[in-house]
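sharing a sequence plus its predicted fold:
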Amino acid sequence: MYARTKHRTVHFDKPFWISGLSEMVTAGDYVVDEDEELIEGLSWSAYRRVATFITLPATSANKHRMRLMPIDPEELEGLIALDRRNAEAPSQL
């Protein structure tokens, strides 16, 4: 079976929470890896996503270890959308 990994970088303007993680994740750029496998038996090439991971940097909270953490793709897209809405909202002084 043929597999591939797609890489992208996502940016967060505000800190955010990931379910299953005990600490807040700081704002910044994060690498997201999406593993896909070839769907066999079709007359064209098509892939299905089988796993999504976000790379979290080393911090004092995680004992200075970089982590590759699995994340639900829908949760990730929701976090990105929420961050965009918060960035576009006028700040209240």
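Received the coordinates, thanks.

from now on I want contacts and neighbour counts done on CA atoms only, so please keep to that.
Fine.

now do the buried residues in stretch 24-44.
Buried residues in stretch 24-44, counting neighbours by 16 or more other Cα atoms under 10 Å, are found at 25, 32-37.

now intersect those with the strands, please.
32-37 (DSSP state E).

helices of the protein, residue ranges please.
In order along the chain, the chain carries the following helices (DSSP state H): 73-88.

so which residues of it form strands?
Using DSSP E, the strands of the chain run over residues 3-12, 28-38, 47-56, 67-70.

partners of the third one in the sheet?
Strands adjacent to strand 47-56 in the sheet, as given by DSSP bridges, are strand 28-38 (antiparallel), strand 67-70 (antiparallel).

just put those strands in a markdown table and tack on distance to residue 53.
Formatted as a markdown table, the strands paired with strand 47-56 follow (distance: least, Cα to Cα, whole Å):
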| stretch | distance to residue 53 |
| --- | --- |
| strand 28-38 | 5 |
| strand 67-70 | 4 |
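
CSV for the ones you listed, including mean pLDDT and distance to residue 16?
CSV is the format used below for the strands paired with strand 47-56 (pLDDT from 0 to 100; distance: least, Cα to Cα, whole Å):
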stretch, mean pLDDT, distance to residue 16
strand 28-38, 96, 10
strand 67-70, 93, 15
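
so which of those strands comes closest to residue 20?
strand 67-70 (9.8 Å; Cα to Cα).

distance between the closest one and the chain's centre?
Remark: strand 67-70 is offset 9 Å from the chain centroid, using Cα atoms, centre = their mean, to the nearest Å.

what's the closest of the strands paired with strand 47-56 to residue 55?
Of the strands paired with strand 47-56, nearest to residue 55 by Cα to Cα is strand 67-70, at 4.5 Å.

still on that earlier bit, for residue 86, find the nearest of the strands of the chain.
It's strand 3-12; of the strands of the chain, that one is closest to residue 86 (Cα to Cα) at 10.2 Å.

now the angle from the closest one to helix 73-88?
Between strand 3-12 and helix 73-88, the angle comes out at 20 degrees (axes from the mean of the first three to the mean of the last three Cα atoms, to 10 degrees).
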